[in-house]
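> model this:
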Amino acid sequence: METKRPTTPAAEEILGGYFPVLDHGFVSLVDYMGSDDDVERAARVSYGYGTRKVSQTRGLIRYLRRHAHTTPSEMVELKFHCAMPIFIARQWIRHRTACLAEGTEVYFDLPGGIERRGNQLHKLRVEELWDRFQPTRNVTRPDKQRNPYHRRERIRGLHLRQVNEDTLDIQHTRIVDVMFNGPKDVFRMRLADGKEIEATADHRFLFADGWRTLRDAVGLGQRGGRAQWRSGDHYLYANGAVMEEPALYRDPAWLREQYHVLNRRIDDIAAEAGVSYHTIRKWLRKQGLSKSHRWKAGHEPWNKDLTYELGPRALSDAWVEANQRSRSGPASNLWRGGTSSDREAIGRWTTQIASKVHARNRWVCQLCHEPAGVLHCHHIVPVWANAELARQEANLTTLCETCHKSIQGRELEFAEQLAGEPVVVKRRSKPRVAWNKLTKAWLVRIESIEYVGVKDTYDLEVKGPYHNFIANGVVTHNSVNEYSGRYSLMPLLFYRPESESFAFQSQDNRQGRQEPAPEALYADALERWERLRSEAADTYGWLVVEDIARELARIDLPLSTYTQWYWKIDLHNLLHFLTLRVDAHAQWEIRQYGEVMAGMLQRVAPLSYEAWLDYNVLGTHVSAGEREVLRHFLQAEGDGIGVRAGAEALSADAIKELGLAPREVRELLDKLEPVERPDFSLDLSQMKPAEEIETKMSAAVPETSL
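Residues are numbered from 1 along each chain as shown. Here you go, the predicted model:
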């Protein structure tokens, strides 16, 4: 079937094919949009797009890459289907494309607010979270320095609001990491209830029909600085509806499941039910669900058969005399200069008789005729108007706190109304029913969307089981759609490193490897890995056969288990991702994925790929100190470069005098070493059809009892 969409023949040749990575992984280019031509069109739109040569396109793309003009490269998008071990996925997921704009407020609940059912909302801007995740600079002496990441640890301890996607209850999770994704095109979405959030078009939100990006859900895009989207009834979930449900902790079936089946701690059960620890303990006893904590047979307490009798304390005359001296006269902390004033005496008398006045009035406010928890004993005729009535009980009445404040300064206007017989309201006792006030996500209509320009963007990584959080009152998600072990059965495929990549920890780089480990140690590691994986796979298969919930059956599968996802990313962010992942310092396993994806990029946008190699992979940045070292040897001569007369070789100490630290000296020497140009070209003989990959994955899925 022919298409009017611009295509690249080299990319079409591999479209839908699967390239193996590691022992069971793969990468497939399932779709792409645009090529080098689209990058050029986006850059030349300001003065028109006409006939051009390939050399002109190449020159423009290299200029854009050299000067970090990244917006035109966002016009090209690629979609991959990938399978990788979970520990590689955790590294991969740190690079996000969908983002929230600066100024977005992330919602937390203060720890004290949980006991009071989450009413202590605490908001932090996403850029402030990023700043707190960065190490602080120690300026004190070495023995007084504190952990440079202490601010990050405090943020990780906060209770981040999250939506339970099964029940829509608002619960809590923790932040794992905060990512800064640079400046991007940002749109402001306004909801019908007044909430607003700014995000990129590819950020996902929880719509009525599931997780979708703004671009997919409403066709969001921008042209000429204006947002374009399909207006209509689009509903997504926001935080804010408070609902009451009967107390869960009074249901014996629910309490038994939480405490005996799931073996949850009483603190966690109390937090979910919105009550105290002691309330759960009480209802466990009432329902006969308490776990016995008996002593072993034959145990006897150390104080068995012992009794204690404390007699009265005998106070010495010296102690009594000293106590009287310290508590009498000016030495007492209650001393007020002698005799209290008349107004103070009236106030004390009023306080003493208040309960009698309230009882006479049946604890009902005599102005609004409503019972209240806080009551005031009020002088009908104010003391300042007639002091003779100040100590007459008939001149006192009962007011609630609201009414008492409302008539301040106008007491005489209400004196006649409050005088006379007390108003008695019959109070009806209502049976007490325990309720849980639960905050739930609810659907809100999108009112408008507008383009607000380019802003700095950020994203969060949060702990599961649900990868979402509340930002500006809206339920928002991360950018990767991963294979879910909660809904689908996990293929029991595990990554096993080859002996060549099994190495000791590097002493210079905490994130790297050093020389290979001995074969005997590798064989021992394989035996241990296989034993653990066999037990984990057997347990998972047994739980699946017994029809245990898949979200529970998967919990002990190791990080070497393979997972899958579909990943859509634009060219700008893909080049940034590949720069990090094909670097020699990146983990060897993820480099294998980066090299395959770089080969796919070479077929989609070969000129952008070439510029990326020259300026990002093979090129390097030069610091001010490094430039001074180069200027020691070189100088500009007209349109060329010459060698400075009398320039002598620099020792390591001489280089340090130019401002470089010892580690910077080593890095400069590495930059001057010759670098071999990498070849990421794909081997088409390795490409597998989709049917073969599907058969392999299906065969690794355990059989169920159904």
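> Around Val629, how many other residues sit close by?
Counted with other C-beta atoms under 10 Å, the neighbours of Val629 add up to 21. To be clear about C-beta, it is placed using only N, CA and C from the backbone, and glycine gets the same treatment.
> check contacts around it.
Leu650, Ile655, Leu658, Leu660, Leu668 (C-beta atoms under 8 Å, 6 or more residues apart in numbering).
> Surely it is in a helix?
Yes: assessed by DSSP: H, G, I helix; E, B strand; the rest coil, Val629 belongs to a helix.
> before we move on, which element is Gln91 in?
Following DSSP states H and E, one finds Gln91 within helix 86-92.
> Return the set of buried residues in that helix.
Neighbour counts using 16 or more other C-beta atoms under 10 Å place Ile86, Phe87, Ile88, Ala89, Gln91, Trp92 of helix 86-92 among the buried residues.
> one step back: from the contacts of Val629, which has minimum pLDDT?
When these are sorted by pLDDT, the bottom entry is Leu658 at 76.
> so how far is Ile655 from the closest residue to it other than its chain neighbours?
Excluding its sequence neighbours, the residue lying closest to Leu658 (C-beta to C-beta, 6 or more residues apart in numbering) is Glu628, at 4.9 Å. According to C-beta to C-beta, to the nearest Å, Glu628 and Ile655 sit 9 Å apart.
> With neighbour numbers in mind, choose between those two.
Taking other C-beta under 10 Å, Glu628 and Ile655 do not tie; Ile655 has more neighbours (20 against 14).
> so that one sits in a strand?
No: looking at Ile655 with three-state DSSP, it is helix, so not inside a strand.
> From His260, how far out is it?
68 Å.
> picking that back up, surely the residue nearest to Leu658 meets Gly659?
Yes: here Glu628 lies in contact with Gly659, judged by C-beta atoms under 8 Å, at a distance of 7.0 Å.
> Quick check: neighbours shared by these two?
Counting by C-beta under 8 Å, 6+ apart, no residue touches both Glu628 and Gly659.
> list the buried ones in the lengthiest helix in the chain?
If you go by DSSP state H, the chain has its longest helix at helix 519-545. Using 16+ other C-beta under 10 Å as the test for burial, helix 519-545 gives Tyr522, Trp529, Arg533, Ala536, Ala537, Tyr540, Gly541, Leu543, Val544.
> Including pLDDT and distance to Gly182, could those residues go into TSV?
Formatted as TSV, the buried residues of helix 519-545 follow (pLDDT from 0 to 100; distance: C-beta to C-beta, whole Å):
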residue	pLDDT	distance to Gly182
Tyr522	82	41
Trp529	86	39
Arg533	86	40
Ala536	85	40
Ala537	84	42
Tyr540	83	40
Gly541	84	45
Leu543	84	43
Val544	80	43
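> tell me which of these is nearest to Val425?
Closest approach to Val425 among the buried residues of helix 519-545 (C-beta to C-beta): Leu543, at 60.7 Å.
> Mean confidence (pLDDT) on the longest strand seen in the chain, please.
As assigned by DSSP state E, the longest strand anywhere in the chain is strand 435-462. Strand 435-462 shows an average pLDDT of 83 in the prediction.
> switch to numbering from 373
In the new count, where the first residue is 373, that last one comes out as strand 807-834.
> So which bits of that strand are buried?
Buried-residue list, strand 807-834, by 16+ other C-beta under 10 Å: 808, 810-814, 816, 818, 821, 823, 827-834.
> what does stretch 542-554 give?
Applying a neighbour-count criterion of 16+ other C-beta under 10 Å, one finds Ile542, Gln543, His544, Thr545, Ile547, Asp549, Val550, Met551, Phe552, Asn553 buried in stretch 542-554.
> Which of these fall in helices?
Members of these lying in helices (criterion: DSSP H): none.
> Filter those down to the ones in strands?
Applying DSSP E to the buried residues of stretch 542-554, the entries found in strands are Ile542, Gln543, His544, Thr545, Ile547, Asp549, Val550, Met551, Phe552, Asn553.
> Take these and lay them out in a markdown table including pLDDT and distance to Leu929.
A markdown table is the format used below for those (pLDDT from 0 to 100; distance: C-beta to C-beta, whole Å):
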| residue | pLDDT | distance to Leu929 |
| --- | --- | --- |
| Ile542 | 83 | 29 |
| Gln543 | 83 | 24 |
| His544 | 84 | 25 |
| Thr545 | 85 | 21 |
| Ile547 | 87 | 24 |
| Asp549 | 77 | 22 |
| Val550 | 83 | 28 |
| Met551 | 78 | 26 |
| Phe552 | 78 | 32 |
| Asn553 | 75 | 30 |
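> Which single one of those residues is nearest to Met447?
Proximity of these to Met447 (C-beta to C-beta) peaks at Asn553, which lies at 17.4 Å.
> was I right about that closest one contacting Thr829?
Yes: between Asn553 and Thr829 there is a contact at 4.7 Å, judged by C-beta under 8 Å.
> list residues touching both of the two?
The contact sets of Asn553 and Thr829 overlap at Cys471 (C-beta under 8 Å, 6+ apart).
> Count the residues that sit near Pro869.
18.
> Name the SS class of it, please.
coil.
> and it, what does it touch?
Contacts for Pro869 (C-beta under 8 Å, 6+ apart) come out as Glu961.
> where does it land on pLDDT?
Pro869 is assigned a pLDDT of 84 by the prediction.
> Distance check, it against Glu1075.
Pro869 is 29 Å from Glu1075, where distance means C-beta to C-beta.
> same thing with Gly529?
Taking C-beta to C-beta, one finds Gly529 at 43 Å from Glu1075.
> Over to Thr935?
20 Å.
> what does stretch 660-677 rub up against?
Pro624, Leu627, Arg628, Tyr631, His632, Arg653, Leu656.
> Using the three-state scheme, assign Glu672.
Classification of Glu672 by three-state DSSP places it in coil.
> Give me the spatial nearest neighbour of Ser995, chain neighbours excluded.
Using C-beta to C-beta, 6+ apart and skipping the chain neighbours, the partner closest in space to Ser995 is Glu1036 (7.3 Å).
> Show the contacting residues for the one you found.
By C-beta under 8 Å, 6+ apart, the contact set of Glu1036 is Ser995, Gly997, Glu998.
> Now the second one: which helix or strand?
Assigned by DSSP H and E, Gly997 belongs to helix 996-1005.
> and the helix or strand harbouring Gln789, what's its mean pLDDT?
Assigned by DSSP H and E, Gln789 falls within helix 783-790. Taken as a whole, helix 783-790 has a mean pLDDT of 86.
> Low-confidence stretches in the stretch 573-722 of the chain?
Within the stretch 573-722 of the chain, the ranges that satisfy pLDDT under 70 run 612-618, 665-668, 703, 705-712.
> how about the helices in it?
Along the stretch 573-722 of the chain, the segments classed as helices by DSSP state H, counting those that start in this stretch run 586-590, 624-628, 638-645, 649-658, 689-698, 714-732.
> What helices and strands are in contact with the fifth one?
In terms of contacts (3 or more C-beta pairs under 8 Å, 6 or more residues apart in numbering; DSSP states H and E), helix 689-698 is packed against no helix or strand at all.
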